[in-house]
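**Student:** coordinates only, sequence not included:
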């Protein structure tokens with residue numbers, strides 16, 4: 001992930017010295033937690049592990065977070081804040097169903113491939129224990145995807161399908177394919193996008209009322225935009 005971008009989006013720059021120190025301490029804890037979660041997994045990691053990865057005292061830590069779950073949720077929110085504007089821009093520029101779907105997948109996979117630590121943190125944590133994923137910024141990202149689908153339906157870009165189901169399907173394919181992609185020695189976002197787009201468009205065409213035509217060569221089209 002573009003960490004500087006995420007930090008700049010997550011909160012406005014504090015003005016006073018005290019506020020700057022608080023912001024720096026909070027970010028220090030988040031950065032330490034990323035490394036600990038990625039290495040140990042959410043289930044095995046403890047608050048003590050995170051504190052040891054910072055120069056801060058335990059009392060200082062609890063001024064910012066009450067638990068490792070709260071830290072994990074903050075990390076998810078930072079990631080969501082970083083990727084959401086890029087995904088939305090891509091979807092809003094789409095002129096066809098193919099562009100909407102392929103642009104969403106390509107942008108997401110490229111982001112994930114550039115953000116190994118945060119993605120590994122989130123997926124490793126989700127694999128080892130059931131933690132809450134309903135953080136405000138993550139939910140807002142799902143809402144934006146559904147809103148963009150509804151807008152595409154209203155404009156005639158998409159047929160009148162169930163926007164909520166379609167949102168869930170796109171998100172599910174994106175996260176699961178991303179996980180498999182990142183397990184490979186050399187992650188290939190372009191190839192992952194080609195696969196997911198071809199698979200997904202085939203499924204979209206089978207839905208009631210869909211008439212999006214035939215994509216002659218999805219792989220060629222995606223290769224040209226990668």
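**Tutor:** Nice, thanks for sending it over. Worth saying up front: this structure is predicted, and the values here are computed from it rather than measured.

**Student:** CA atoms for contacts and neighbours, from now on please.
**Tutor:** Will do.

**Student:** Check this structure and tell me which residue is nearest its centre.
**Tutor:** With distances taken as Cα atoms, centre = their mean, residue 80 lies nearest the centre of the chain, 5.3 Å away.

**Student:** which stretch of helix or strand covers that residue?
**Tutor:** helix 68-93 (DSSP states H and E).

**Student:** Likewise for residue 157?
**Tutor:** Using DSSP H and E, no helix or strand contains residue 157.

**Student:** Got phi/psi on it?
**Tutor:** Per-residue torsions, residue 157: phi -70, psi -40 (degrees, to the nearest 10).

**Student:** if I pick it, what's in contact with it?
**Tutor:** Remark: with contacts taken as Cα atoms under 8 Å, 6 or more residues apart in numbering, residue 157 is in contact with 95, 96, 97.

**Student:** let's go with 7 Å and repeat that
**Tutor:** 96, 97 (Cα atoms under 7 Å, 6 or more residues apart in numbering).

**Student:** This structure: helices as residue ranges?
**Tutor:** 3-10, 17-40, 47-52, 58-61, 68-93, 97-113, 116-128, 136-154, 163-182, 189-205, 218-225 (DSSP state H).

**Student:** winner for burial among the ones you listed?
**Tutor:** Comparing the helices of the chain by mean neighbour count (mean count of other Cα atoms under 10 Å), helix 97-113 ranks first with a mean of 23.

**Student:** related to what we said a few turns ago, work out the gap between the helix holding residue 80 and the centre of the chain.
**Tutor:** Relative to the centre of its chain, helix 68-93 is centred 5 Å away, using Cα atoms, centre = their mean, to the nearest Å.

**Student:** Just the angle for it relative to helix 97-113, thanks.
**Tutor:** Orientation of helix 68-93 against helix 97-113 (axes from the mean of the first three to the mean of the last three Cα atoms, to 10 degrees) gives an angle of 150 degrees.

**Student:** so helix 68-93 versus helix 136-154, what angle?
**Tutor:** Here the directions of helix 68-93 and helix 136-154 differ by 20 degrees (the same axes, to 10 degrees).

**Student:** which strands and helices sit next to helix 68-93?
**Tutor:** helix 3-10, helix 97-113, helix 136-154 (3 or more Cα pairs under 7 Å, 6 or more residues apart in numbering; DSSP states H and E).

**Student:** Going by mean pLDDT, which of those helices comes out lowest?
**Tutor:** Sorting the helices and strands packed on helix 68-93 by mean pLDDT places helix 3-10 lowest, at a mean of 43.

**Student:** What pLDDT is listed against the residue nearest to residue 53 when sequence neighbours are not counted?
**Tutor:** Counting by Cα to Cα, 6 or more residues apart in numbering, residue 53 lies nearest to residue 32, which is 5.6 Å off, once chain neighbours are set aside. Among the per-residue scores, residue 32 holds a pLDDT of 94.

**Student:** Having no further points to raise, I will conclude here.
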